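Trainee: Sequence first, then the predicted structure:
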Amino acid sequence: MAEAAFANLRLERTGGVATVTLDRPKALNALDVATLRELLRVADGLDHEVRALVITGAGKAFSAGADIAAMAAMAPGDGHGYALLGHEVMARIEALEMPVIAAVNGVALGGGLELALACDLIIAADRARLGQPEINLGLVPGFGGSQRLARRIGQSRARELIYLGQAINAEEALRVGLVCRVVPGERLAAEAAELAGELASKAPVALRQAKRATAVAADAELAVGCRYEVETFAATFASDDRVEGLRAFLDKRPPVWKGR
Ligand code: CAA
């Protein structure tokens, strides 16, 4: 994967793990049109060798959301296109074949939380604050928050956050299941790298199918979801990795995944 130059983010690759660091600290990594387009370029450029992706922020914020100064300069009719672009980015990230970890190093507000919600797993620094404060600006979430937040933590808690526009701290986010781990701020990058490395070491076909199966769980009827699971199980069963995984267990040795 070519590590082309970006203006508002950094892209690094270590083995099977790629890391995107939003890097617009003067605007607390706000997601303006240019940054959203760069995220699309990142998503387009990831190849099969990338087994796990980490998204994090430079400086004190993960992302303070959609760019308020840019939105203030937009015409009334511009909201549609801006929201559509944001949705395109979040949908592309959500649909990536590899697991994506949001390492929330500081505030994840508005579009920033919506970006985290497009990721498979959210881990947070103890100083992080997460929320959908759009209501305080006369807006509603526009990059998927009204839908993905309710699916993650339930309609009642999601409505409370969206209606009141108040952020919650990392501990509370852990308690409601919005994030899955909270670590001291200075540990976050290492924790994300370790978790991504562990994911990257798993059987690639099985991990992809696990992502597909759990993705439909929030939306599908149970019977439909269970049928879908049968298909994902069958796909792993037909893989070389299944042969290797079962053989390695019986031989009492670690498996060597082929990724097919
Ligand atoms: N867009 C653009 N610039 C932003 C920004 C944003 N979302 N958030 C902060 N900034 C800028 C500030 O304007 C400030 O710039 P200047 O130094 O030029 O004045 C700089 O970043 C630092 O911000 P603060 O001085 O406010 O920093 P703080 O530490 O005192 O406060 C904060 C941090 C609580 C995150 C506060 O900046 C804040 O409340 N930001 C707005 C968060 C927000 O409302 N996000 C939702 C945006 S709407 C949205 O996202 C819609 C959608 O779903 C699509």
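Mentor: On my side now, so go ahead. Numbers count the residues shown, from 1 in each chain.

Trainee: switch to C-alpha atoms for all contacts and neighbour counts from now on
Mentor: OK.

Trainee: Tell me which residues touch A215, please.
Mentor: Going by CA atoms under 8 Å, 6 or more residues apart in numbering, A215 touches no other residue.

Trainee: in a strand, that's where it is, yeah?
Mentor: No - A215: not assigned to a strand; according to DSSP: H, G, I helix; E, B strand; the rest coil it is helix.

Trainee: now it: how far from the ligand?
Mentor: 22 Å (CA to the nearest ligand atom, to the nearest Å).

Trainee: Determine the next helix or strand in the C-terminal direction from the helix or strand hosting A91.
Mentor: In the assignment (DSSP states H and E), A91 maps to helix 79-94. The helix or strand immediately downstream of helix 79-94 is strand 100-104, counting by DSSP H and E.

Trainee: so how far is the helix holding A91 off the chain centroid?
Mentor: 14 Å (CA atoms, centre = their mean, to the nearest Å).

Trainee: Show me what counts as buried in that helix.
Mentor: Of the residues in helix 79-94, 82-83, 85-94 count as buried by neighbour count, 16 or more other CA atoms under 10 Å.

Trainee: which parts of stretch 169-184 are buried?
Mentor: So for stretch 169-184, counting by 16+ other CA under 10 Å, buried means 169-171, 173-174, 178-179, 181-183.

Trainee: now A235: how far from the ligand?
Mentor: For A235, the distance to the ligand - CA to the nearest ligand atom - is 37 Å.

Trainee: mind checking pLDDT for that residue?
Mentor: pLDDT, A235: 97.

Trainee: who in the stretch 51-200 of the chain is up against the ligand?
Mentor: Those residues of the stretch 51-200 of the chain that sit near the ligand, judged by CA under 6 Å from any ligand atom, are 64-69, 107, 109-111, 133-134, 141-143.

Trainee: Pull out the buried residues from those residues.
Mentor: Here, 16+ other CA under 10 Å leaves 64-67, 107, 109-111, 133-134, 141-143 buried among those.

Trainee: Which pair of the residues you listed spans the longest distance?
Mentor: V107 and G142 (17.7 Å; CA to CA).
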